[in-house]
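Student: any chance you could fold what I've pasted below:
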Amino acid sequence: MATTSLLPKSLSPFLTNTPSFSSTHFTKLSFLNPQDHPHCSKRPNLHTTHAKKRNPWLDPFDDGEDPDMEYGSLFVDGKQDEDERLPENPDNPYGFLKFPMGYSVEVASLALKVRGDVRRCCCVVSGGVYENLLFFPVVQLLKDRYPGVLVDIVASARGKQAYELNKNVRWADVYDPDEHFPEPADYTDMVGLLKGRYYDMVLSTKLAGIGHATFLYMTTARDRVSYIYPNVNAAGAGLFLSETFTPNSMNLSDGGYNMYYQMVDWLARPSKTVPQQPVPPLKVSISKKLKQVVESKYKNAGVTRGKYIVIHGLESDSKASMQSKGDTDSLLPIQVWDAIASGLREFRPLFVIPHEKERENVEEVIGDDTSIVFITTPGQLAALINDSAGVIATNTAAIQLANARDKPCIALFGSQEKGKLFVPNAEQKNCVIVSSKTGRLKDIDIEAVKNAIPLFNMSLALV
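Tutor: Here you go, the predicted model:
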């Protein structure tokens, strides 16, 4: 008994021989049977939300929301309000009295508790450019569901580049969540940075074990939401997270375009008088300065606006290829691209190289008069696609950017299943999917690609 008295009260019932709690709380432990875990499936609808129990490890006595509870009208109906305020005065000596937008000191805790307001949200996004681009609809969903919310991003150095195309993000910080052994100085610095911003919600797309869950817990955010490992590596993570999602595989990118569907379903869930939030499509915004920089690049390459086709997906070992982690077979050698580009008649092919060392290879195979442009960032690639007549690309970020800017596109995939997974509803997006019959991208039917090229002529006629 002397040992158990030193333990926290919340753990003592599990370590003593005579538990004092009712057995109904422990008949089904979620970590013993993952299929019974309440977070493995999609979120229930409004009629069953009150029946969902919270994580029993957080509070064994919490059976969920009381269905008979009656709320008043204050901070219950509808979404949070987006309050406007005057710009901050930089000469104000009382800087410690400044509060976030929509934040009333006297009643803030009431609104945050009853209605679940989110004034500041941080998103920790795993992966590279492709994965961060597919996270854009989630950011827009946050802005629609929580008016006035300030959204910040924590991503890798490559992933951060994508957010120059997103006007809804306030700050984007570089910290690679996929690094297994981060530098202690970087780790503690990021924890302190996130903790000092006082987030109401932290979202993470990295598969969390107890280590990453502890990282999110130390941000002191009210809601800590993350994907967790679909195996035993997730043990203990639920102790530090308020909501978890279990993917179908260890690689979240295997889900394709809808890889974040579990998180999207949870964020868009209805509550009280707020209906189910519709999920927005992927859209990007391009600044004027970015357009001017890219325009000078493609003019130096010898092409004019609207008269060229972007060729993206050349075989290279550069990280600027912008591939998806869910489809590693997504690059083609220059010899195959030469055969495909020979079918272009009305437009001039513009080859995008991810590294300058590839320029010599392209000129050697296709010719010295080839139009080549060196692009390494998703922002410049989006501006290049925006001024083009269309795109022919493998499964790289160019496919998603073309769909986001409503440009005609021919997408090359190693299999038909991959094509449907990464480009759903391709016909509605003016996109033609050409897949290999052998399951290997290099065996793709070049004649099938050439037969799809009239798609660009049709789009030009409609303009």
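Student: give me the longest strand you can find in the chain.
Tutor: For the chain, the strand with the greatest residue count under DSSP state E is strand 201-208.
Student: partners of that one in the sheet?
Tutor: strand 120-124 (parallel), strand 223-228 (parallel) (DSSP bridges).
Student: can I get the helix or strand following it in PDB, CA atoms only?
Tutor: Counting by DSSP states H and E, the next helix or strand C-terminal to strand 201-208 is helix 210-217. Output of helix 210-217 as PDB, limited to C-alpha atoms (Å, rounded to 0.1, in the frame of the first residue of the first chain):
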ATOM      1  CA  ILE A 210       4.200   8.100 -27.600                       C
ATOM      2  CA  GLY A 211       7.100  10.300 -28.600                       C
ATOM      3  CA  HIS A 212       5.300  12.500 -31.100                       C
ATOM      4  CA  ALA A 213       2.200  12.500 -28.900                       C
ATOM      5  CA  THR A 214       4.300  13.900 -26.000                       C
ATOM      6  CA  PHE A 215       5.600  16.600 -28.400                       C
ATOM      7  CA  LEU A 216       2.000  17.600 -29.200                       C
ATOM      8  CA  TYR A 217       1.000  17.400 -25.500                       C
END
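Student: contacts for helix 210-217?
Tutor: Residues from elsewhere that reach helix 210-217 (CB atoms under 8 Å, 6 or more residues apart in numbering): 124, 177, 187, 191, 202, 204, 206, 208, 224, 226, 228, 235-241. From N, CA and C alone the C-beta is placed, and that goes for glycine too.
Student: swap in stretch 359-376?
Tutor: By CB under 8 Å, 6+ apart, the surrounding residues in contact with stretch 359-376 are 294, 297-298, 301-303, 308, 314, 318, 320, 334-335, 338, 341, 348-356, 381, 384.
Student: buried subset of those?
Tutor: 294, 297-298, 301, 303, 308, 314, 320, 334, 338, 341, 348-354, 381, 384 (16 or more other CB atoms under 10 Å).
Student: restricted to strands, list those residues.
Tutor: Among those, DSSP E puts Y308, R348, P349, L350, F351, V352, I353 in strands.
Student: save those residues as JSON lines, and put in pLDDT and distance to Q262 too.
Tutor: Formatted as JSON lines, these follow (pLDDT from 0 to 100; distance: CB to CB, whole Å):
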{"residue": "Y308", "pLDDT": "95", "distance to Q262": "40"}
{"residue": "R348", "pLDDT": "94", "distance to Q262": "44"}
{"residue": "P349", "pLDDT": "94", "distance to Q262": "40"}
{"residue": "L350", "pLDDT": "96", "distance to Q262": "38"}
{"residue": "F351", "pLDDT": "96", "distance to Q262": "38"}
{"residue": "V352", "pLDDT": "96", "distance to Q262": "34"}
{"residue": "I353", "pLDDT": "96", "distance to Q262": "37"}
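Student: mind picking the two most distant members of the residues you listed?
Tutor: R348 and I353 (16.1 Å; CB to CB).
Student: how about low-confidence regions in the stretch 351-463 of the chain?
Tutor: For the stretch 351-463 of the chain, the stretches flagged by pLDDT under 70 are 459-463.
Student: ranges for the helices of it?
Tutor: 359-366, 378-386, 397-404, 416-422, 446-451, 454-462 (DSSP state H, counting those that start in this stretch).
Student: how about those helices, which one is nearest Q428?
Tutor: helix 397-404 (9.6 Å).
Student: what does the closest one contact?
Tutor: 129-130, 133-134, 136, 257, 281-284, 310, 312-313, 322, 352, 378, 381-382, 385, 390-391, 393, 408-409, 411, 422-423, 429, 431.
Student: and those, which are buried?
Tutor: 129-130, 133-134, 136, 257, 282, 284, 310, 312-313, 322, 352, 378, 381-382, 385, 390-391, 393, 408-409, 411, 422-423, 429, 431.
Student: put the alpha carbons of stretch 134-148 into PDB.
Tutor: Output of stretch 134-148 as PDB, limited to C-alpha atoms (Å, rounded to 0.1, in the frame of the first residue of the first chain):
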ATOM      1  CA  LEU A 134      -3.200  17.900 -50.600                       C
ATOM      2  CA  PHE A 135      -3.500  19.500 -47.100                       C
ATOM      3  CA  PHE A 136      -4.800  22.800 -48.600                       C
ATOM      4  CA  PRO A 137      -8.500  21.700 -48.500                       C
ATOM      5  CA  VAL A 138      -8.000  21.000 -44.800                       C
ATOM      6  CA  VAL A 139      -6.700  24.500 -44.200                       C
ATOM      7  CA  GLN A 140      -9.700  26.000 -46.100                       C
ATOM      8  CA  LEU A 141     -12.000  23.700 -44.100                       C
ATOM      9  CA  LEU A 142     -10.600  25.200 -40.900                       C
ATOM     10  CA  LYS A 143     -11.200  28.700 -42.100                       C
ATOM     11  CA  ASP A 144     -14.800  27.900 -43.100                       C
ATOM     12  CA  ARG A 145     -15.700  26.000 -39.900                       C
ATOM     13  CA  TYR A 146     -14.000  28.400 -37.500                       C
ATOM     14  CA  PRO A 147     -14.400  31.900 -38.900                       C
ATOM     15  CA  GLY A 148     -11.500  34.200 -37.900                       C
END
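Student: relative to the whole chain's centre, how far out is that stretch?
Tutor: Offset of stretch 134-148 from its chain centre (CA atoms, centre = their mean, to the nearest Å): 11 Å.
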